[in-house]
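> with the sequence up front, the predicted model follows.
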Amino acid sequence: DTAVSQTPKYLVTQMGNDKSIKCEQNLGHDTMYWYKQDSKKFLKIMFSYNNKELIINETVPNRFSPKSPDKAHLNLHINSLELGDSAVYFCASSQTANEQFFGPGTRLTVL
Amino acid sequence: AQSVTQLGSHVSVSEGALVLLRCNYSSSVPPYLFWYVQYPNQGLQLLLKYTSAATLVKGINGFEAEFKKSETSFHLTKPSAHMSDAAEYFCAVRRSGGSNYKLTFGKGTLLTVNP
């Protein structure tokens, strides 16, 4: 009965590799988000989709590409991983302007 | 644009003592304000929210916060701390209108509770 789930929970990879993180929500929400939490615990929005349409695209390197195949899923693909990409990535969802529900996070470590 | 400042990156209290975590916001439009809690190695859980109704907002686990427009503050309080309250707390703001629902977070306050 998990509301917002992410896979994988941990991801360890080498510099230069390409990786994906998947997010699914079963709350029936129409808006989904990706946030990045750095090593100092600072959280920053990256992207947001509303009904599969990109509505927020912050100043994120174009190596990061979100994809929303349907309203319940939002994936994040990262090309040519760099050391600075190491962080915890959180997916969240909301019903339009209501409060956001967060997933458990994916800890990405780039070696 | 919106921003949030959380005063004190680390607050330490004794079990049973008052918890006060400070949050000040800046917003060019009427804001919505939120407090989230993050336990170690977990996601964020919503504690409470202010969305322009009552200025005193009650949340889960005995927490409450008061929206004070004149002071641009939204401080989080709990009368009596429990050991289980030890966690990182984040204040967040977003605009109340429009279609941009992004949350802007403060830098967080780590709460430790001493026995």
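Nice, thanks for sending it over.
> what's near enough to touch residue B:3?
Neighbouring residues of residue B:3 by CB atoms under 8 Å, 6 or more residues apart in numbering or on different chains: B:25, B:26, B:27, B:93, B:104. C-beta coordinates here come from the backbone N, C-alpha and C atoms, glycine included.
> what subset of the residues you listed is buried?
For these, a neighbour count by 16 or more other CB atoms under 10 Å in any protein chain shown gives the buried set as B:25, B:27, B:93, B:104.
> now the residue most central in space within chain B: closest residue in space that isn't a chain neighbour?
Computing the C-alpha centroid of chain B and ranking residues by CA atoms, centre = their mean puts residue B:35 first, at 3.3 Å. What sits nearest to residue B:35 in space, not counting adjacent residues and going by CB to CB, 6 or more residues apart in numbering or on different chains, is residue B:47, at 4.3 Å.
> for residue B:29, helix, strand, or coil?
coil (DSSP: H, G, I helix; E, B strand; the rest coil).
> partner residues bridging the nearest residue to it once chain neighbours are set aside?
Counting by CB to CB, 6+ apart, residue B:29 lies nearest to residue B:95, which is 5.1 Å off, once chain neighbours are set aside. Beta bridges link residue B:95 to residue B:31 when assigned by DSSP bridges.
> if we can go back for a sec, between the contacts of residue B:3, which is closest to residue A:37?
Nearest to residue A:37, judged by CB to CB, of the contacts of residue B:3 is residue B:104 at 13.8 Å.
> after the helix or strand of chain A with the lowest mean pLDDT, next one along is what?
Least confident helix or strand, chain A: strand A:53-57 with a mean of 86, by mean pLDDT, DSSP states H and E. Using DSSP states H and E, the next helix or strand after strand A:53-57 towards the C-terminus is strand A:64-70.
> list, one by one, the residues from chain A near chain B.
By the rule CB under 8 Å from any CB of the partner chain, the part of chain A lying against chain B is A:4, A:31, A:33, A:35, A:40-45, A:48, A:50, A:55-56, A:58, A:90, A:92, A:94, A:96-97, A:99-105.
> those, buried ones only, as a PyMOL selection?
Buried subset of the residues of chain A next to chain B, written as a PyMOL selection, criterion 16+ other CB under 10 Å:
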select buried, chain A and resi 4+31+33+35+41+43+44+45+48+50+56+90+92+94+97+99+100+101+102+103+104+105
